[in-house]
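# Okay, structure incoming, though there's no sequence with it:
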């Protein structure tokens with residue numbers, strides 16, 4: 001008897017060299033990140049793709065995210081907070097791949113232990129536009145600490161801000 005084909009989640013990164021994360025894990029991550037972490041809902045961060053070492057998200061511009069009313073520029077705190085959130089998401093995805101021998105519930109529980117140790121954001125250009133894309137990749141995933149690099153881009157892909165983060169994972 002043939003095994004049923006594994007479901008591929010629409011958010012799974014098709015370019016991920018390590019292979020697909022399971023449907024249930026990605027859906028659990030999406031639910032925690034987009035629904036249960038209320039501040040991410042306030043920011044409007046929506047995941048576009050999740051891979052084992054890289055995640056991509058977007059934020060539509062809204063009037064309540066404006067930091068400079070004269071230029072309709074996104075607030076720097078929105079940029080910083082969203083880059084921090086995405087760095088943590090990238091770490092969780094990498095841990096999801098590393099600990100595939102654990103259940104989905106056990107791997108999602110690791111999210112509760114994840115915390116930011118250090119965050120650096122460089123604001124390179126004004127955040128003006130109708131939507132923004134964010135990327136984050138894991139540079140190193142250790143047993144206690146992870147390091148990430150993040151980007152905040154305009155719709156055309158121009159780099160507006162960059163960040164680096166260090167996260168406690170244990």
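Structure's in. What do you need? Bear in mind the structure is a predicted one, so any value in this text is a computation, not a measurement.

# Now the element after the least confident helix or strand in the chain by mean pLDDT, going C-ward?
When the helices and strands of the chain are compared on mean pLDDT, DSSP states H and E, strand 66-68 comes out lowest with a mean of 86. Going down the chain from strand 66-68, the next helix or strand is strand 73-74, by DSSP states H and E.

# Show me what secondary structure element comes after that following strand.
Counting by DSSP H and E, the next helix or strand C-terminal to strand 73-74 is helix 76-98.

# shouldn't residue 25 be in contact with residue 104?
Yes. Using Cβ atoms under 8 Å, residue 25 is in contact with residue 104, at 4.9 Å. (Glycine included, C-beta is placed from N, CA and C.)

# Quick check on those two: which one has the bigger neighbour count.
Between residue 25 and residue 104, counted using other Cβ atoms under 10 Å, the more crowded position is residue 25 (23 against 18).

# which SSE is residue 28 in?
Element membership of residue 28, judged by DSSP H and E, is helix 23-31.

# If we go by neighbour counts, what in that helix is buried?
By 16 or more other Cβ atoms under 10 Å, the buried positions in helix 23-31 come out as 23, 25-26, 28-30.

# again with stretch 124-131
Using 16+ other Cβ under 10 Å as the test for burial, stretch 124-131 gives 126-127, 129.

# rewinding a little: describe which strands the least confident helix or strand of the chain pairs with in its sheet and in which direction.
Strand 66-68 has its sheet partners listed here by DSSP bridges as strand 73-74 (antiparallel).

# re the thing from before, now do the helix holding residue 28, average pLDDT.
For helix 23-31, mean pLDDT rounds to 93.

# again, but for stretch 56-65
95.

# now do the same end-to-end measure for it.
One end of stretch 56-65 sits 20 Å from the other (Cα to Cα, to the nearest Å).

# swap in stretch 44-58?
Counting by Cα to Cα, you get 8 Å between the two ends of stretch 44-58.
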